[in-house]
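**Q** Next input, structure requested:
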Amino acid sequence: MGAQVAAFGLLFDAVDSVQSFVHVFIYVYILVIFVYVLTSWIPLPYSPALSRVQRFLYDVCNPYLRLFRRVLPSLGPLDLSPVLAVVVLFAVQRGLDALFARLH
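**A** Numbering: from 1, shown residues only. The predicted structure is shown next:
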């Protein structure tokens with residue numbers, strides 16, 4: 001009996017750990033998308049360090065944003081794919097929260 005209670009305690013602890021990891025990952029990725037959008041709007045002076053940061057942001061964000069650029073129509077210079085990408089990330093987070101709540 002005590003072993004089963006301990007096993008369930010470990011399972012609940014693992015679920016909480018995974019849930020908090022997912023929350024942090026999604027919020028950090030949303031922050032990275034936000035910084036990517038800001039650096040694409042604001043012309044930054046050329047510097048090797050800033051160039052590396054912009055390249056990193058491009059490499060991290062562009063594959064995910066490209067999924068939404070295929071679906072959304074072009075509105076001239078306005079790119080709405082980051083907005084839709086963030087909305088989808090929040091929806092995924094809510095869905096995962098509901099799934100984790102069922103595991104508790």
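**Q** how much distance is there from the strand or helix carrying Val88 to the middle of the chain?
**A** Remark: Val88 resides in helix 81-103, with elements defined by DSSP states H and E. On the basis of CA atoms, centre = their mean, to the nearest Å, the separation between the geometric centre of helix 81-103 and that of its chain is 9 Å.
**Q** List the buried residues of it.
**A** The neighbour-count criterion (16 or more other CB atoms under 10 Å) identifies 81-82, 84-86, 89, 93, 100 as the buried residues of helix 81-103. Bear in mind the C-beta positions are built from the backbone N, C-alpha and C, glycine included.
**Q** And the average pLDDT for that helix is what?
**A** Model confidence over helix 81-103 averages 93 on the pLDDT scale.
**Q** who does it touch, helix- and strand-wise?
**A** On a contact count with 3 or more CB pairs under 8 Å, 6 or more residues apart in numbering; DSSP states H and E, helix 81-103 meets helix 2-41, helix 48-71.
**Q** Nearest to His104, out of the ones you listed?
**A** Closest of the helices and strands packed on helix 81-103 to His104 is helix 2-41, at 6.4 Å (criterion: CB to CB).
**Q** Point out the other helices and strands that the closest one packs with.
**A** Under the contact rule (3+ CB pairs under 8 Å, 6+ apart), helix 2-41 is packed against helix 48-71, helix 81-103.
**Q** which residues touch the first one?
**A** Contacts of helix 48-71 with the rest of the structure, by CB atoms under 8 Å, 6 or more residues apart in numbering, involve 29, 32-33, 35-36, 39, 44, 79-82, 84-85, 88.
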